[in-house]
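Undergrad: need a 3D model of the following:
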Amino acid sequence: MLDKVFRPRDFGDAPQRLAALVGLPALVREFGVSFDDVLEGFPISAAIFENDENRIPYGLFCQIMERAVALTGCPHLGLRLGSRFDHRCMGLAGRWMANAPTLGAALTGFVELQSSATRGATAYLHRTGEHYI
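TA: Down below sits the predicted model:
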């Protein structure tokens, strides 16, 4: 069963900081779903979600979200989860953004520090004159 569920190579073994998923146990319970059911077959326990600095493989991160979406029947579960967080969940990058002297510096710092939270995704920021895109 484990081989059919946990396949980190599908999305990558890159480490992902758990901060974005720390609120997932409570959110799935709001849909009447046991978080143990979400994690069934995965090589981790719910206790790892108690510390937002813990890291798991990026592929596992994605599979947990996919399972949570399937079990809750909520295709926009990731948006609901993301709406509960602000810059403070981003660790070092979030602290930089909160203290940056300008919005441009905050965004630039986030892009540069984003790799401290994940190696499975990349953020880009392009400056065009006075504008950032």
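Undergrad: report the secondary structure state of the residue nearest the centre of the chain.
TA: Against the mean C-alpha coordinate of the chain, by CA atoms, centre = their mean, the closest residue is residue 20 at 3.4 Å. Remark: residue 20 carries the secondary structure label helix [criterion: DSSP: H, G, I helix; E, B strand; the rest coil].
Undergrad: what about the longest helix in this protein?
TA: The longest helix of the chain (DSSP state H) is helix 58-72.
Undergrad: which parts of that one are buried?
TA: Residues of helix 58-72 classed as buried under the neighbour-count rule (16 or more other CB atoms under 10 Å) are 58-65, 67-69, 71-72. Placement of C-beta: from N, CA and C, glycine included.
Undergrad: any low-confidence regions in the protein?
TA: Using pLDDT under 70 as the threshold, the predicted model of the chain has low-confidence ranges 1-12, 114-124, 132-133.
Undergrad: circling back: from the buried residues of helix 58-72, which single one is nearest residue 87?
TA: The nearest member of the buried residues of helix 58-72 to residue 87, counting by CB to CB, is residue 61 at 19.7 Å.
Undergrad: and the residue nearest to that closest one when sequence neighbours are not counted, what helix or strand is that in?
TA: When the adjacent residues along the chain are set aside, residue 61 lies closest to residue 16, with 4.4 Å between them (CB to CB, 6 or more residues apart in numbering). With the criterion set as DSSP states H and E, the secondary-structure element containing residue 16 is strand 15-17.
Undergrad: how far off centre is that strand?
TA: For strand 15-17, the distance between its averaged C-alpha position and the chain's averaged C-alpha position is 8 Å (CA atoms, centre = their mean, to the nearest Å).
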